[in-house]
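Visitor: 3D model of this:
(chains A and B)
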Amino acid sequence: MNRDQRFVALVVLRARADGCVPLDGLGLALAMGFPLDSLACALVSTDAEKSAPVLAQQTGAAVLPVSGPGLPGAGALQLAVLLQGIMERLGCGLALFGPGLWAMETAPVLAALRGAAFVPGVSGVSRSPVRGFSFLRPVMNGKLNLSLRAGGESAVCTVTAGAFSFSRPPDAPPGRVIGPGVIVSGSGPRWRPVSESPSDPGLTQADVVVTAGRGVGAAENMAMIEDTAALFARSAVAGSRSACDAGLVPVSRQVGMTGKSVSPKLYLACGVSGARQHTCGFSGASFVAAVNRDPAAPIFRVSDICIQEDLTRFLPELVRICKEARQKA
Amino acid sequence: MRILVCVKQVPDPEAGFEPAAGQAGLLVAGGRYVMNPYDAHAVERALEIKEALPGVEVHALTLGPERCRAVVHRALAMGADRAFHVLCDEDAWIPPAQTARAIARALEGGAYDLVITGALATDDEAACAGPYLAGLLGWETACFVVSAIPAADGKSITVRKEGEGGSLWESLLRLPAVLTAQTTEHSPRWPSLSNMLRANRAEVTVLDFEALETGPETEELEELAEPEERPSGLFLQGTTEEKAREFCRILRERGLL
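Guide: Sure thing, here's the model as predicted:
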């Protein structure tokens, strides 16, 4: 590694289980006004040595591979200590993480180790020459926004899913790999998968996802959800966290922060309140409709079509009318 | 083994609310507050450990103004042995990192083996006090924990946590450690009325937030405001049948049906 090279921020990019590397952290860095050549990306991935050149080419940023035999089962403390070492070597004051559980677990540990400010779930940012960075983050289920001033040039941030997208500036030269890569050793406590992400292609590949929330109430009302899903050719039934906790829907069909992410043509949320832990799971949906009795339910803030109704009355009516319409067609 | 459970009072998610004028904290009009639902699962997880192993003590701690004492009383009624209240002003907004620093100071000398917090609080949704505390203490941590089973010698704990995409991970963690509790299908125990009455009379050790000297805040609140109205979706109008017909038409128009 070229030890003279200094970077303003370390963007921590973690490959998902499917190999995809979300670039939200880079999006935040550009929104903060940092030029690409002031950023170093730590690519945390089991095949980081191989994929780092591709990512550098794709993004135009400097990429440091972080890999090794200990990575799949590494704990938050081990990784935070390792990232702290990288920040010191590269002179970075800021660390920017994407969304997701891994970032939620690791980023605060890193902030504490550095005595740095910590801003979770950033959804907006502005900079004033006098006051420095102001970060915006939604709270109270998106009903309020909190504006925070944090830590000058020393802070650790994670982003709200979908708030920042990255596209490489057209005039950016190709990035490069900075190395040698950092090795994650197999020492310390190891995490092993008890169950992998439940494979459910029916859910992730469905064109239409009909989701049950806690508002479905009794288990017998699930038949209405299933009847509604059956109207569509490639459809699947899913659940919010609270519907899964209530035993209405299997955990393998949970959509949200600790569940699946889906991008269907239609996402129909039934009796779902709209907590951000759930809505981040369908931010890629093309069209969102929601049925809820409460006109102030947060789910209506992210819906294209809002249906203020009792779902036990509305869904049977919808099924009847759609079947009628199909027969006439 | 000694366990510290951190419990927070939050605005009742079931109640309507509005930010109280002129206040920097997350306050609600009407004053309906409850124990953060995730923290109730944290208490439950601690009590399960207490029931699994002899000689386990569970202490509950909260941070906030006077009204927050209700949540440590509830933790006592659920089965905690002792309660602590880090007292601060009603209108103070304490950033989560500062909360973690206060907890770190409060637990000094307490010989704790395990700290359990809720995975996130439903008001500020920061989800960071637990892992931030772990970083301050240099302890192992695991977030979104669904089960924690202690070894017979009380020196380690088998932890299961949720990962991305609904995956489940397990590890044997040597204590001390900080865990954050995910909700599960097992509802936290509901304290009986007699236990609540007894807990409300129990002694709570009060610690002064200022006296804990947590240092300068690294985050400063600028504003708490309602978000700009985003372009709202289309609210369908009419009777139930008319709305269903309109929705059916929209679905057909979009080629979805």
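
Visitor: quick one: find the helix or strand in the chain with the lowest mean pLDDT.
Guide: By default, I'm working from chain A. One helix or strand of chain A scores below all others by mean pLDDT, DSSP states H and E: helix A:201-204, with a mean of 80.

Visitor: you looked at the wrong chain, it should be chain B
Guide: strand B:219-225 (a mean of 83).

Visitor: flag every buried residue along it.
Guide: Neighbour-count burial for strand B:219-225, counted by 16 or more other Cβ atoms under 10 Å in any protein chain shown, picks out B:219, B:220, B:221, B:222, B:224. In this view, the C-beta of every residue, glycine as well, is placed from N, C-alpha and C.

Visitor: neighbouring strands for that strand, and are they parallel or not?
Guide: Strand B:219-225 pairs in its sheet with strand A:144-150 (antiparallel), by DSSP bridges.

Visitor: how far does the strand it pairs with sit from its chain's centre?
Guide: Remark: strand A:144-150 is offset 20 Å from the chain centroid, using Cα atoms, centre = their mean, to the nearest Å.

Visitor: what about the residue lying closest to residue A:213 once chain neighbours are set aside, how many neighbours?
Guide: Spatial nearest neighbour of residue A:213, excluding adjacent residues (Cβ to Cβ, 6 or more residues apart in numbering or on different chains): residue A:272 at 3.2 Å. Neighbour count of residue A:272, defined by other Cβ atoms under 10 Å in any protein chain shown: 32.

Visitor: just the pLDDT for residue A:272.
Guide: Reported pLDDT at residue A:272 in the predicted model: 95.

Visitor: contacting residues around it?
Guide: A:211, A:212, A:213, A:214, A:215, A:240, A:243, A:278, A:290, A:292, A:297, A:299 (Cβ atoms under 8 Å, 6 or more residues apart in numbering or on different chains).

Visitor: helices and strands around the least confident helix or strand of chain A, which ones?
Guide: With contacts defined as 3 or more Cβ pairs under 8 Å, 6 or more residues apart in numbering or on different chains; DSSP states H and E, the packing partners of helix A:201-204 are strand A:235-239.

Visitor: the strand it packs on packs against which elements?
Guide: helix A:201-204, strand A:208-212, helix A:222-229.

Visitor: what does that strand contact?
Guide: Outside strand A:235-239, the residues that reach it (Cβ under 8 Å, 6+ apart) are A:200, A:202-203, A:206-213, A:222, A:225-226, A:229, A:248-250, A:253-255, A:260, A:262.

Visitor: buried ones among the residues you listed?
Guide: For the contacts of strand A:235-239, buried by 16+ other Cβ under 10 Å: A:200, A:203, A:206, A:208-213, A:222, A:225, A:229, A:248-249, A:253-255, A:260, A:262.

Visitor: tell me where the model's unsure across the stretch 51-200 of chain B.
Guide: B:91 (pLDDT under 70).

Visitor: can you do 80?
Guide: B:90-93, B:165 (pLDDT under 80).

Visitor: what's the answer for chain A, then?
Guide: In chain A, residues with pLDDT under 80: A:1-5, A:17-18, A:129-131, A:140-144, A:151-153, A:195-201, A:329.

Visitor: swap in 50 and give it another go.
Guide: Low-confidence segments of chain A, defined by pLDDT under 50: A:1.

Visitor: residue in it nearest to chain B?
Guide: Nearest residue of chain A to chain B, counting by Cβ to the nearest Cβ: residue A:112, 2.7 Å away.

Visitor: contacts only, for residue B:125.
Guide: Residues near residue B:125 by Cβ under 8 Å, 6+ apart: A:120, A:121, A:138, A:139, A:140, A:141, A:276.

Visitor: ok now do the nearest residue to residue B:202 once chain neighbours are set aside, which residues does it touch?
Guide: Spatial nearest neighbour of residue B:202, excluding adjacent residues (Cβ to Cβ, 6+ apart): residue B:76 at 5.3 Å. Residues counted as contacts of residue B:76 (Cβ under 8 Å, 6+ apart) are B:60, B:83, B:199, B:202.

Visitor: what's the answer for residue B:174, then?
Guide: A:189, B:140, B:155, B:156 are the contacts of residue B:174 under Cβ under 8 Å, 6+ apart.

Visitor: related to what we said a few turns ago, and the residue nearest to residue B:202, how far is that from chain A?
Guide: 25 Å (Cβ to the nearest Cβ, to the nearest Å).

Visitor: how far away is that residue from residue B:45?
Guide: 16 Å (Cβ to Cβ, to the nearest Å).

Visitor: before we move on, what about residue A:19?
Guide: Distance from residue A:19 to residue B:45, by Cβ to Cβ: 34 Å.

Visitor: repeat that for residue B:8.
Guide: Residue B:8 is 16 Å from residue B:45, by Cβ to Cβ.

Visitor: please apply the same query to residue B:72.
Guide: From residue B:72 to residue B:45 the distance is 17 Å (Cβ to Cβ).
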